[in-house]
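# Sharing a sequence plus its predicted fold:
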Amino acid sequence: MKMPRWMLAPPPSAYAEDAAAPSTSSTASTTPASPSPSTPDQPDNPSDQSRPVADRHALRRVRWLCIGLGTLFLFVVWLSMGISTTYPGDEERFIESARAFAGLPSLEFLRTYEEMSGPLPFWYWGNWGQLFGDSLISMRLATMVWGVITLWLLFEVLASLLPRPRWVAIAFACVILNPYWWTMSIFAYTDIFGMAGLLLASIGVVRGRSWWDVAYIVVGLAVALLSRQYLVFALPAMGIVALSWWAVDRRMAIKLLGAIAVGCLPLIMLVLLWRGLGPDNVLKDTYQTGLLRWKFESAWLYLCLMGIYGLPLWVWLRKVATFRRWEWLLAVITLIVGGLVFITPSDSAIAVGFTTVGLFDRTMQWLGLIDSVRHLIWTLGGVLGVLLLARLTTRAAANITQGRLGPDTYILLILLGVLIVMPLSYLHWEKYFIPALPWLCAGIVRLKLAARG
């Protein structure tokens with residue numbers, strides 16, 4: 001029986017695609033041997049151990065360069081925006097809520113606290129405040145600690161999906177330069193906590209070689225889901241990766257699936273305590289009205305963001321954006337559908353005075369673009385999003401027919417998870433797409449590698 005390649009990786013030859021010397025002997029000297037399917041303990045992924053020696057050294061240098069420059073970038077942005085300057089948003093309310101979390105909160109308090117997201121960030125801020133003070137500067141510094149940790153986790157996730165250090169660095173820069181990323185890393189928002197947990201869990205799922213990876217999954221998912229409940233969108237992708245081990249190492253598959261289940265337990269217990277998807281409070285009564293409903297207009301927004309937020313890479317990787325004949329047909333169909341779907345704020349957002357769906361939409365409004373132009377831009381973003389999913393689907397199908405899952409399949413599943421799960425939320429908002437941004441950028445870069453042949 002042909003055993004599947006269960007690890008998430010390009011073929012080993014991909015590591016040599018950028019080699020300076022094109023000769024066969026040079027390529028062979030920088031290409032790791034393909035592991036036998038009968039030896040599942042030898043990972044076929046771009047980890048430090050499976051890369052060529054030259055690549056491992058380059059990866060270490062690029063890792064510290066990216067994390068160092070990323071940290072410097074966050075501090076410079078924080079200083080330039082004013083370390084104690086207040087901005088419109090949820091910061092002051094979050095800090096006020098965090099004060100009530102100092103110490104060990106009671107079950108009744110956890111059932112009714114006045115927020116919509118999970119309790120972990122507030123508990124962290126509350127106890128940080130007891131030790132170092134709860135001023136705005138102190139709380140932002142507390143968040144910055146997680147922002148720096150998340151830079152390291154982001155790099156490791158991208159390195160697990162891309163074969164060359166310079167491609168990792170390019171995707172890394174595209175992610176952290178997104179305004180939502182650096183604002184949630186320096187301001188007292190809850191998003192960076194969930195992002196750190198999601199990335200940590202992904203590292204454990206992709207590597208899946210030891211009990212450490214099992215621990216990463218448990219801790220990562222617990223942190224992610226106790227911070228932002230909507231991060232459940234990544235669970236199907238992680239579950240499928242875990243199941244892909246079944247044919248080659250059933251015990252490892254059971255470990256990974258068990259780790260995913262255990263990582264979800266804290267949120268499940270909270271849902272039982274809340275008797276719903278959020279604390280029983282005034283905000284819940286205001287926003288979470290009625291049953292869950294999947295909304296096509298929300299899915300369309302996130303599909304458009306796949307094109308718009310990845311646009312810097314699409315422009316730079318122009319060869320990838322060249323349409324084939326069948327893709328022209330798909331683009332025309334998407335244009336027709338997009339012409340009928342208008343992106344507007346959610347009812348709950350309108351109720352509190354919002355007129356846009358996030359920063360990009362607000363920028364278009366600030367530039368004075370008329371509604372028809374804004375609508376066209378959103379639609380073109382949707383076309384790019386559909387083309388990305390189509391090409392990832394084609395590559396995923398090719399990987400599966402070759403008996404391996406492949407990173408393209410994992411990226412595709414993450415992005416599809418956003419489109420399936422996120423539209424169930426009472427609010428669609430550009431920032432809610434950010435947790436999928438690392439996989440979006442990695443997916444576009446991988447299409448460039450495929451286009452190079």
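Arrived safely.

# tell me, how many neighbours does the closest residue to residue 316 other than its chain neighbours end up with?
With CB to CB, 6 or more residues apart in numbering as the criterion, residue 316 has its nearest non-adjacent residue at 7.9 Å, and that residue is residue 170. C-beta: built from backbone N, CA, C; applies to glycine. Neighbour count for residue 170, taken as other CB atoms under 10 Å: 20.

# got it, and residue 94?
Residue 94 has 20 nearby residues by other CB under 10 Å.

# which SSE is the closest residue to it other than its chain neighbours in?
Nearest in space to residue 94, with sequence neighbours left out and distances taken as CB to CB, 6+ apart, is residue 188 at 5.4 Å. Using DSSP states H and E, residue 188 sits in no helix or strand.

# Look up how far residue 146 lies from residue 188.
Residue 188 sits 11 Å away from residue 146, going by CB to CB, to the nearest Å.

# what do you get for residue 213?
Using CB to CB, residue 213 is found at 21 Å from residue 146.

# Comparing the two, which residue is more hemmed in?
residue 146 (23 against 20).

# so which helix or strand takes in the more buried one?
Using DSSP H and E, residue 146 maps to helix 136-161.

# Return the set of buried residues in that helix.
136, 138-144, 146-147, 149-161 (16 or more other CB atoms under 10 Å).

# How about stretch 408-425?
Under 16+ other CB under 10 Å, the buried positions of stretch 408-425 are 408-419, 421-425.

# Name the nearest residue to residue 232, ignoring sequence neighbours.
residue 421 (6.2 Å).

# what's the answer for residue 148, then?
Excluding the flanking residues, the one nearest residue 148 by CB to CB, 6+ apart is residue 71, at 5.2 Å.

# Could you do residue 379 as well?
residue 338 (3.3 Å).

# Poorly predicted segments of the stretch 51-200 of the chain, please.
Applying pLDDT under 70 to the stretch 51-200 of the chain flags residues 51-54.

# which residues touch residue 442?
157-158, 161-162, 171, 407, 411 (CB atoms under 8 Å, 6 or more residues apart in numbering).

# so residue 214 is in which element?
With DSSP H and E as the criterion, the answer for residue 214 is helix 211-225.

# before we move on, the earlier item: is it correct that the residue nearest to residue 316 is in contact with residue 445?
Yes - between residue 170 and residue 445 there is a contact under CB atoms under 8 Å: 6.6 Å.

# Show me whatever sits in contact with both of those two.
residue 313.

# Mind listing what's buried along whichever helix or strand residue 251 is part of?
Residue 251 is part of helix 250-274, with elements assigned from DSSP H and E. Neighbour-count burial for helix 250-274, with 16+ other CB under 10 Å as criterion, is recorded at 252-253, 255-257, 259-261, 263-264, 266-267, 270, 274.

# What ranges does the stretch 301-450 of the chain have for its strands?
Counting by DSSP state E, counting those that start in this stretch, the stretch 301-450 of the chain forms no strands at all.

# And the helices in it?
Applying DSSP state H, counting those that start in this stretch to the stretch 301-450 of the chain gives helices spanning 311-316, 325-340, 347-351, 359-366, 371-401, 407-421, 437-451.

# Rebuild those as TSV, extending it with mean pLDDT and distance to residue 119.
Converted to TSV, the helices of the stretch 301-450 of the chain look like this (pLDDT from 0 to 100; distance: least, CB to CB, whole Å):
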stretch	mean pLDDT	distance to residue 119
helix 311-316	82	36
helix 325-340	89	39
helix 347-351	83	21
helix 359-366	95	27
helix 371-401	93	34
helix 407-421	96	21
helix 437-451	90	25
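
# Which one of these lies nearest to residue 121?
helix 437-451 (19.6 Å; CB to CB).

# Centre of the chain to the closest one, how far?
Distance of helix 437-451 from its chain centroid, counting by CA atoms, centre = their mean, to the nearest Å, is 13 Å.

# May I see the buried residues of that helix?
Buried, per 16+ other CB under 10 Å, within helix 437-451: 437-450.

# host element of the closest residue to residue 126 other than its chain neighbours?
Once flanking residues are discounted, residue 126 sits nearest to residue 101: 3.4 Å by CB to CB, 6+ apart. Using DSSP H and E, residue 101 is not contained in any helix or strand.

# Sweet, I'm off.
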